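> mind looking at a prediction? Sequence and model below.
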Amino acid sequence: DVKVTQSSRYLVKRTGEKVFLECVQDMDHENMFWYRQDPGLGLRLIYFSYDVKMKEKGDIPEGYSVSREKKERFSLILESASTNQTSMYLCASSSSRQGPGNTIYFGEGSWLTVV
Amino acid sequence: SQQGEEDPQALSIQEGENATMNCSYKTSINNLQWYRQNSGRGLVHLILIRSNEREKHSGRLRVTLDTSKKSSSLLITASRAADTASYFCATVLSGNTPLVFGKGTRLSVIA
């Protein structure tokens, strides 16, 4: 079974703090994604990566950055957390080998509260 | 950019009834996928239907796709309380671009 592990399930951070959300997948997937999910807004793509050291902006990259130094790990960074970044963050991965529109596998989510 | 739009936003039914959720999208697709999310958890893939398919079954799930109307439906037959969850459709707009999700349908199955 594919396993996508997000390091923290619940976090509370202060405004202005630097926040790291870590994600690891164990299926040798090329593609990794970070989404945020808010009530009434559904899932919105923040950043994604199709290869090590590669990153692409999604729909809402402002206020975020990412790091992909190893194939299995994709980190989301909030350089200076703000209250409007309080949300649930979902990491996901997929294989490139199946072609476009691959099934993606999600982690359990990280609930971030910025106070 | 929201591609899929699920309808209804919320649905409440009795156990044993069938649940139907619809998804409309805007542009041509390679395939359409349905995912399920239990409250506070990650999403889980349910079923994928390709653009050249019209109907697909998996257990109690039946998915249809009408590319001329740019719409899909997910039918859950003989629903159970454990089917209570949010259901999302997702599509790929073009090439190797990421999946774009709709806002979901919240299904409540009352025992």
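Good, I have the coordinates. This structure is a prediction, so every number in the text was calculated from the model and none was measured. Residues are numbered from 1 along each chain as shown, chains lettered A, B, ... in the order given.
> please enumerate the helices of chain B.
Assigned by DSSP state H, chain B shows no helices.
> for the residue nearest the centre of chain A, helix, strand, or coil?
Nearest to the mean C-alpha position of chain A, by C-alpha atoms, centre = their mean, lies A:Trp34 at 2.6 Å. What DSSP: H, G, I helix; E, B strand; the rest coil gives for A:Trp34 is strand.
> and the pLDDT at it?
Note on A:Trp34: pLDDT of 97.
> angles on the backbone of residue 17, please.
In the absence of a named chain, this looks at chain A. Torsion angles at A:Glu17 (phi, psi; degrees, to the nearest 10) stand at phi -70, psi 150.
> sorry, I should have been clearer: chain B.
phi -80, psi 170.
> which residue sits closest to it, ignoring its sequence neighbours?
Among residues not flanking B:Glu17 along the chain, B:Ser79 sits closest, at 5.8 Å (C-beta to C-beta, 6 or more residues apart in numbering or on different chains). In this view, the C-beta of every residue, glycine as well, is placed from N, C-alpha and C.
> what do you get for A:Trp111?
Spatially, and ignoring its direct neighbours in sequence, A:Trp111 is nearest to A:Tyr10 (4.9 Å; C-beta to C-beta, 6+ apart).
> burial count for A:Pro61?
15 (other C-beta atoms under 10 Å in any protein chain shown).
> and it, what's its pLDDT?
Listed pLDDT for A:Pro61 reads 97.
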